[in-house]
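Peer 1: for reference, the sequence and a predicted model appear below.
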Amino acid sequence: MNPSDVKTAADARAIVEERGLSHVKVGVFDIDGVLRGKYMSREKLFSSLESGFGFCDVVLGWDSHDQLYDNVAFTGWHTGYPDATVRIVPESCRAIPWEDNMLLFLGEFAPPADAYCPRGVLGRVVERCARLGYSSRVGFEYEFFVFEETPHSVRDKHYRNLKPLAPGFFGYSVLRNSVHFGFYSDLLSGTNAMDVALEGLHEETGPGVLEAAIAAADGLAAADKAALFKTFAKVAAQKSGLMATFMAKWSPDWPG
């Protein structure tokens, strides 16, 4: 069975059993749309497919550096940051090529936490549109920066004077995407295997700037693909000894 064939809880159980997996990866999007997750045993996954599982609701009350937001009502020190129920989305099943095709399942928060869950909010918007007779097709395009740095080196430099993948301006450079073919190829093949097909990937103008256009998909699926691309583009970069960031403008000295 292919991950794209998984549509139901029964399908999810079948593919895990077929592949003899002891664990899978599950993920949810935090309040800022950042993918958070963990490895889960097959037994826990099978029970979660029926009744959901608990995930600390602090991810709906902190930022991307795990710093707690002030003046929040839903979760905080006043609630003790308890677990909230997350339901598994079977049809989100994907294999992660960078992890020996480990299976990934996305989840979304159940009520009442669904009011703050990014995937839940978008799902309700899509449902409202459908009731009005509308559907959506969405294509995301990202410009992002790639550096010859590591998580340690950027901190040693205090995030200053970072070394881009390539210097200067050379948009749509065939020279550069051929020189850096290893990274380009890994990103193209890896995201394609995760059902995040790219219509285009090229050098943008500016040092170390790349542009990726994700093929259009229905609203909720498109959002999943876009968020997964941001995560696994960073994975592909770090596995190549590089670092990627999707900051709109990393330095006042360069275009954003």
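Peer 2: Sure, I can see it.

Peer 1: show me where the stretch 101-250 of the chain has helices.
Peer 2: Assigned helices in the stretch 101-250 of the chain, in chain order: 118-131, 151-156, 174-179, 181-193, 219-239 (criterion: DSSP state H, counting those that start in this stretch).

Peer 1: for the last one, which positions count as buried?
Peer 2: Going by neighbour count (16 or more other Cβ atoms under 10 Å), the buried part of helix 219-239 is 219-230, 232-237. (C-beta placed from N, C-alpha, C; glycine too.)

Peer 1: over to the fourth one?
Peer 2: Using 16+ other Cβ under 10 Å as the burial criterion, the residues of helix 181-193 that qualify are F183, Y184, D186, L187, L188, G190, T191, A193.

Peer 1: doesn't A95 fall inside a strand?
Peer 2: Yes. Counting by DSSP: H, G, I helix; E, B strand; the rest coil, A95 is found in a strand.

Peer 1: now do it against E17, distance only.
Peer 2: To E17, A95 is 15 Å away according to Cβ to Cβ, to the nearest Å.

Peer 1: quick one on the thing from earlier: any chance of the buried residues of helix 181-193 in TSV, plus pLDDT and distance to R128?
Peer 2: As requested, the buried residues of helix 181-193 are exported to TSV (pLDDT from 0 to 100; distance: Cβ to Cβ, whole Å):
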residue	pLDDT	distance to R128
F183	97	41
Y184	97	39
D186	97	39
L187	97	35
L188	97	36
G190	97	34
T191	97	30
A193	96	33
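
Peer 1: how about those residues, which pair is most distant?
Peer 2: Using Cβ to Cβ, the two most remote members of the buried residues of helix 181-193 are F183 and A193, lying 15.9 Å apart.

Peer 1: between the helices of the stretch 101-250 of the chain, which gets nearest to G139?
Peer 2: When the helices of the stretch 101-250 of the chain are compared by Cβ to Cβ, helix 219-239 sits nearest G139, at 7.1 Å.

Peer 1: with just CA atoms, put that closest one into CSV.
Peer 2: Extracted C-alpha coordinates of helix 219-239, given in CSV (Å, rounded to 0.1, in the frame of the first residue of the first chain):
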residue,chain,number,x,y,z
GLY,A,219,-7.2,24.5,0.2
LEU,A,220,-6.5,22.3,3.2
ALA,A,221,-4.2,19.9,1.3
ALA,A,222,-2.3,22.9,-0.1
ALA,A,223,-1.7,24.3,3.4
ASP,A,224,-0.4,21.0,4.6
LYS,A,225,2.0,20.8,1.6
ALA,A,226,3.2,24.4,2.2
ALA,A,227,3.9,23.8,5.9
LEU,A,228,5.6,20.5,5.3
PHE,A,229,7.8,22.1,2.6
LYS,A,230,9.1,24.7,5.0
THR,A,231,10.0,22.0,7.6
PHE,A,232,11.6,19.5,5.2
ALA,A,233,13.4,22.1,3.1
LYS,A,234,15.2,22.8,6.4
VAL,A,235,15.8,19.1,7.0
ALA,A,236,17.2,18.7,3.5
ALA,A,237,19.5,21.7,3.9
GLN,A,238,20.9,20.6,7.3
LYS,A,239,21.5,17.1,6.0
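
Peer 1: right, I'll call it a day here.
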